[in-house]
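**Student:** Any chance you can model this:
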Amino acid sequence: MQNVTFNRKHLLGIRELAPGEITHLLDTAENFRDISRREIKKVPALRGRTVINLFFEPSTRTRTSFEIAAKRLSADAINISVSTSSMSKGETLLDTARNLEAMAPDCIVVRHSMAGAPQQLARMGNAPIINAGDGAHEHPTQALLDALTIREYKGRIEGLKVAIIGDVLHSRVARSNIYLLTKLGATVSIAGPGTLVPAEFAELVEQGLSVERRIEDAIEGADVIMILRIQRERQDAAFFPSMREYAVHYGLHPKHLERAAADAIVMHPGPMNRGVEIASEIADGSRSLILDQVTNGVAVRMAVLYLLAGGGHAEVDADATERIKHAAKAETRNGTTNGKRKRKQGNETPNR
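**Tutor:** Sure thing, here's the model as predicted:
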């Protein structure tokens, strides 16, 4: 198999990635997904490496996912939140980053409310930077895990119709997904309140994106329905009259699924507002892949950390993937052998 080269030092967004790079990330994540299903979910790929999670916004799924991903790769994961950082004492973001750089981390994962913060850190530092969400700009690993989930259940992305419903204006998830899905050949329809889905969004990409005024039109014939969270923390005005009215006119209800493809799947990046953005019977139903997204998030972040902190910008080929698999099997065998040895020792009768 021909080697595939991943030359990027940072993962700052999806917009600048080529389709081949995205596919390579997804293929690598598939291998790590298999590792996460084993009894011993650890490989020594990043042993001796240090990953810093620098989060300036609240997060459950993304932060925990990155921490688990680092630990399953045998890296040391350090979590820093704004409430416990020196920024609470007046230190600037750049000074915080410079101090962390002085400790020689192998990768820094950044989430910040300011769009462009990860790009700024990438320009001034030496460590690889992973964007875990910057304002309303991008959230690349979320788009990658969504794509991995779609590919797992649909077998492809090219040719699919994806409907993205909700607060598109303030959503970094929507932007990254629009870039990724259209690059891989899907068509995307977005819909929601007119104040949250400006017509100008149709110009975000050259082709493959349409803006619909009614969510029914966006869902018509869709293979994938992606519901977005209402980003109230980023809204500086009243974009719709009330949550109740939003639920009635723009929430996803069972009747909407009748318009979608018979085998359509439903996704949500979380956290979701049940009964507002999506009905509980859909969120908990057979078409929902919300928890599968969370599972695939660990695999995607393992892949990203491995490529950037492990061999990063070097060649990652089939041989490297095989080494990961063999290492996992070896650790599984060692764990089983050690367990048997301990049990045998425990059953031995001591000499008297």
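
**Student:** can you list the residues that contact the helix or strand containing Leu180?
**Tutor:** Here Leu180 sits within helix 172-183, counting by DSSP states H and E. Residues outside helix 172-183 that contact it (CB atoms under 8 Å, 6 or more residues apart in numbering): 13-15, 17-19, 22, 133-140, 142-144, 146-147, 157, 160, 162, 164, 166, 168, 188, 190, 204-205, 207-209, 226, 228, 269. To be clear about C-beta, it is placed using only N, CA and C from the backbone, and glycine gets the same treatment.

**Student:** Which ChimeraX command selects the buried ones in those?
**Tutor:** A single ChimeraX command selects the buried members of these (16 or more other CB atoms under 10 Å):
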select :13,14,15,17,22,133,134,135,136,137,138,139,140,142,143,144,146,147,157,160,162,164,166,168,188,190,204,205,208,209,226,228,269
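
**Student:** Might you list the low-confidence residue ranges for the stretch 201-350 of the chain?
**Tutor:** 232-238, 241, 311-350 (pLDDT under 70).

**Student:** repeat that with 50
**Tutor:** Applying pLDDT under 50 to the stretch 201-350 of the chain picks out residues 234, 312-318, 336-337, 339-350.

**Student:** Compute the distance between Phe55 and Leu17, please.
**Tutor:** Phe55 sits 23 Å away from Leu17, going by CB to CB, to the nearest Å.

**Student:** mind checking pLDDT for the residue nearest in space to the middle of the chain?
**Tutor:** Nearest to the mean C-alpha position of the chain, by CA atoms, centre = their mean, lies Gln142 at 2.5 Å. pLDDT, Gln142: 98.

**Student:** what do you get for Met124?
**Tutor:** So Met124 comes in at 89 (pLDDT).

**Student:** Strands of the protein, start to end?
**Tutor:** Here the chain has its strands, by DSSP state E, at 4-5, 50-55, 76-81, 107-112, 129-134, 161-165, 187-191, 209-212, 224-227, 265-267, 315-316.

**Student:** Show the average pLDDT along the helix holding Leu180.
**Tutor:** 98.

**Student:** circling back: could the strands of the chain go into TSV alongside distance to Asp27?
**Tutor:** Output for these, formatted as TSV (distance: least, CB to CB, whole Å):
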stretch	distance to Asp27
strand 4-5	8
strand 50-55	22
strand 76-81	24
strand 107-112	21
strand 129-134	19
strand 161-165	21
strand 187-191	22
strand 209-212	25
strand 224-227	20
strand 265-267	21
strand 315-316	10
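
**Student:** Worst mean pLDDT among these?
**Tutor:** Looking at those, the bottom one is strand 315-316 with a mean of 40.

**Student:** quick revisit: residues contacting the residue nearest to the centre of the chain?
**Tutor:** With CB under 8 Å, 6+ apart, Gln142 has these contacts: 62, 133, 172-173, 176-177, 269, 297.

**Student:** And the helices in this structure, which stretches?
**Tutor:** For the chain, the helices defined by DSSP state H cover 19-36, 61-72, 93-101, 117-124, 140-154, 172-183, 215-219, 243-250, 254-257, 280-283, 290-305, 318-347.

**Student:** Determine which of the ones you listed approaches Arg274 most closely.
**Tutor:** For those, the distance to Arg274 is smallest for helix 280-283, at 5.0 Å, taking CB to CB.

**Student:** Which residues does that closest one contact?
**Tutor:** Under CB under 8 Å, 6+ apart, the answer for helix 280-283 is 252-254, 257, 266, 268, 272, 274, 288, 290.

**Student:** make it 6 Å
**Tutor:** 252, 266, 274 (CB atoms under 6 Å, 6 or more residues apart in numbering).

**Student:** Find the nearest non-adjacent residue to the first one, please.
**Tutor:** The shortest distance from Leu252 to any non-neighbouring residue, by CB to CB, 6 or more residues apart in numbering, is to Ile278 (4.7 Å).

**Student:** Surely the one you found touches Ile227?
**Tutor:** Yes: counting by CB atoms under 6 Å, Ile278 does reach Ile227; the two are 5.0 Å apart.

**Student:** between those two, what contacts are shared?
**Tutor:** By CB under 6 Å, 6+ apart, Ile278 and Ile227 have these common neighbours: Leu252.

**Student:** between the two, which one's more packed in?
**Tutor:** Ile278 (28 against 24; other CB atoms under 10 Å).

**Student:** and the gap between the more buried one and Ala261?
**Tutor:** On the measure of CB to CB, Ile278 and Ala261 end up 18 Å apart.

**Student:** if I look at Thr62, how far off is Thr187?
**Tutor:** In terms of CB to CB, Thr62 sits 27 Å off from Thr187.

**Student:** Equivalent analysis for Leu291, please.
**Tutor:** 26 Å.

**Student:** Could you do Leu257 as well?
**Tutor:** From Leu257 over to Thr187 (counting by CB to CB), the distance is 19 Å.

**Student:** How about Ile68?
**Tutor:** Taking CB to CB as the measure, Ile68 falls 34 Å from Thr187.

**Student:** repeat for Val162
**Tutor:** Using CB to CB, one obtains 7 Å as the distance from Val162 to Thr187.
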